[in-house]
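> Here is my input, please return the structure:
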Amino acid sequence: HGLLKSLPITSSVIYLLFGIAIGDHGFGIIQIHYLEDAKIIEVIAEITVIISLFTVGLKLRLPLKDGRWLVPISLATVSMLITIFFLTILSHYLLGFSWGEGILLGAILAPTDPVLASDVQVQHPGDHDPLKFALTSEGGINDGTAFPFVMLGLGLLGAEGKQWNFFNWLTVDLLWAVVCGFAVGMTAGLVISRLANFVRDIKKSYYLEDFLTISSIAISYGVAIQLKGYGFLAVFANALTIRQIELKETGVVKRIFKRELPDDVLSFNEQLERIFEVVSVVTIGLLIDFHSFKWSYLLFALVLFFVIRPLATMTGMMKSSMTLKHKGLISFFGIRGIGSLYYLYYALNHGLKTDHSIVFIQLTLWTILLSIFCHGIAVKPILKATKTHN
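Numbers count the residues shown, from 1 in each chain. Reported below is the predicted structural model:
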């Protein structure tokens, strides 16, 4: 990993090329089918996003009352809605999708990725760079806030034979699922923090503290899913709560957590995140079908990257005091990746059956591929030039 970090491109580009090389368009060592292996692909992407969201939550150490939270919240709500709106229109008129298909595709491609954006992420809990904080937080939040609109698209398409009802979507898929996800995550974070304190003082077992915190990922995700909440939001809120408790309590790092528990868990999670990042990006490389490429896919992706994303982010940050340069960088670094892969395969495994199913798959995969190459090649030179200028 250290060797890859020294290259002028991001590591995800290398993983993607490796996946292509060992797939059907290379040496044919590994074969994976984008429909027959849909369940496996969904699970791989799901685990990757879960681990990444927990890692992201632990990195964000700013108090929740800090005004800098307004930017990522706006990006993950206002900007994301604008992105879905324009992607719906684009897919309808460029690709001939129905409005329901357009909303679903927009929800799949709207969220930015917390997994592949490591070079523009907050690097450690003390890193308060406004650009990195905004991008990291946005990726953590919008991987959950996009879910209601995935459900909206599936509902409009009559997935799983269910008749769509706006009131049910509004109350259950939007309001309840979002609130439930955050509530479960915050509760899990609070309980696990106090339980770690008990284990340290009573049981004198420090290794169990780490186990308790890691297991809280599964607990928060599983409980949220069982209660019809969004597990991604629960995992993110869980990690964020653990970090906020550490920040709030006087001397909490020493008093509640032995060996700075959140940071130990963060280090462990980063290793897991890298492993699953490799697996997920290699999987994307294996899934790419060069015979299916259409120029409309390239046009679609370019409009998303260079028209819709800047328009959406600039609108969302209209009242922000950030410099125009920072706003421009945020507009450019809207990386699409594993989150979109997960939502695609969630939809496929939950009743997405239209005449455009194959287009859904290939367009999403090609958008991710182009995003990885476009951002993976440009991110380090741009950040280096910006740092030199500063």
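
> Remind me what the helix or strand where residue 366 lies packs against, helices and strands.
If you go by DSSP states H and E, residue 366 is part of helix 357-389. Here helix 357-389 touches helix 11-22, helix 99-109, helix 261-287, helix 295-303, helix 324-332, helix 338-349, going by 3 or more C-beta pairs under 8 Å, 6 or more residues apart in numbering; DSSP states H and E. No exception for glycine: its C-beta is placed from N, CA and C like everyone else's.

> Which strands or helices does the first one pack on?
Counting contacts by 3+ C-beta pairs under 8 Å, 6+ apart, helix 11-22 packs against helix 2-5, helix 261-287, helix 357-389.

> returning to that earlier point: give me the mean pLDDT for the helix holding residue 366.
What helix 357-389 shows for mean pLDDT is 86.

> Show me where the stretch 251-390 of the chain dips below the pLDDT cut-off.
251-268, 387-390 (pLDDT under 70).

> so residue 74 touches residue 313, yeah?
No - Residue 74 is beyond contact range of residue 313, at 9.0 Å (criterion: C-beta atoms under 8 Å).

> Give the residue from those two that has the larger number of neighbours.
For residue 74 versus residue 313, neighbours defined as other C-beta atoms under 10 Å are more numerous around residue 313 (30 against 20).

> Tell me who's in contact with the more buried one.
75, 79, 327, 330, 331, 334 (C-beta atoms under 8 Å, 6 or more residues apart in numbering).

> Compute the number of surrounding residues for the closest residue to the second one other than its chain neighbours.
By that I understand residue 79. Nearest residue to residue 79, sequence neighbours excluded (C-beta to C-beta, 6 or more residues apart in numbering): residue 316, at 3.4 Å. Residues near residue 316, counting by other C-beta under 10 Å, number 26.

> hang on, residue 316 packs against residue 73?
No - using C-beta under 8 Å, residue 316 makes no contact with residue 73, being 9.3 Å away.

> Can you tell me how far residue 48 is from residue 212?
Note on residue 48: its distance to residue 212, by C-beta to C-beta, to the nearest Å, is 23 Å.

> Neighbour count: those two, which is higher?
Taking other C-beta under 10 Å, residue 48 and residue 212 do not tie; residue 48 has more neighbours (28 against 20).

> so who does the residue lying closest to the more buried one once chain neighbours are set aside touch?
In space, and not counting its chain neighbours, residue 48 is closest to residue 276: 4.0 Å by C-beta to C-beta, 6+ apart. Neighbouring residues of residue 276 by C-beta under 8 Å, 6+ apart: 44, 47, 48, 51, 52, 115.

> By neighbour count, which of the residues you listed wins?
Busiest of the contacts of residue 276 [other C-beta under 10 Å] is residue 52, holding 33 neighbours.

> so that one makes contact with residue 136?
No - judged on C-beta under 8 Å, residue 52 makes no contact with residue 136 at a distance of 10.4 Å.

> Which residues are in contact with each of the two?
By C-beta under 8 Å, 6+ apart, the residues touching both residue 52 and residue 136 are residue 114.

> returning to that earlier point: turn the helices and strands packed on helix 11-22 into CSV, columns for distance to residue 149.
Formatted as CSV, the helices and strands packed on helix 11-22 follow (distance: least, C-beta to C-beta, whole Å):
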stretch, distance to residue 149
helix 2-5, 34
helix 261-287, 22
helix 357-389, 15
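
> if we take the contacts of residue 276, which one ends up nearest to residue 93?
residue 115 (31.1 Å; C-beta to C-beta).

> Might one say that the closest one is in contact with residue 47?
No - here residue 115 does not reach residue 47: they are 10.9 Å apart, not a contact under C-beta under 8 Å.

> hang on, the earlier thing: lowest-confidence entry in the contacts of residue 276?
residue 115 (71).

> helix, strand or coil for that residue?
coil (DSSP: H, G, I helix; E, B strand; the rest coil).

> begin at 33 from here
Sure, I'll start numbering at 33, so the last one becomes residue 147.

> how much space is there between residue 308 and residue 317?
Separation of residue 308 from residue 317 (C-beta to C-beta) stands at 15 Å.

> same thing with residue 353?
From residue 353 to residue 317 the distance is 41 Å (C-beta to C-beta).

> do residue 62 as well
Counting by C-beta to C-beta, the gap from residue 62 to residue 317 is 10 Å.

> neighbour-wise, which of these two wins?
residue 317 (24 against 14).

> which residues does residue 305 contact?
80, 83, 84, 87, 147.

> Just flag the most distant two among these.
Pairwise over the contacts of residue 305, using C-beta to C-beta, the maximum falls at 80 and 87, 10.8 Å.

> And the helix or strand containing residue 123, what does it pack against?
Assigned by DSSP H and E, residue 123 falls within helix 112-127. Packing contacts for helix 112-127, counted by 3+ C-beta pairs under 8 Å, 6+ apart, involve helix 131-141, helix 327-335, helix 341-348.

> Off-centre distance for that helix?
20 Å (C-alpha atoms, centre = their mean, to the nearest Å).

> relative to helix 341-348, how tilted is it?
Interaxial angle of helix 112-127 relative to helix 341-348 (axes from the mean of the first three to the mean of the last three C-alpha atoms, to 10 degrees): 150 degrees.

> List the contacts of helix 112-127.
For helix 112-127, using C-beta under 8 Å, 6+ apart, the contacting residues are 129-131, 133-135, 137-139, 141-143, 174, 177-178, 181, 328, 331-332, 335-336, 340-341, 343-344, 347-348, 388, 391, 395.
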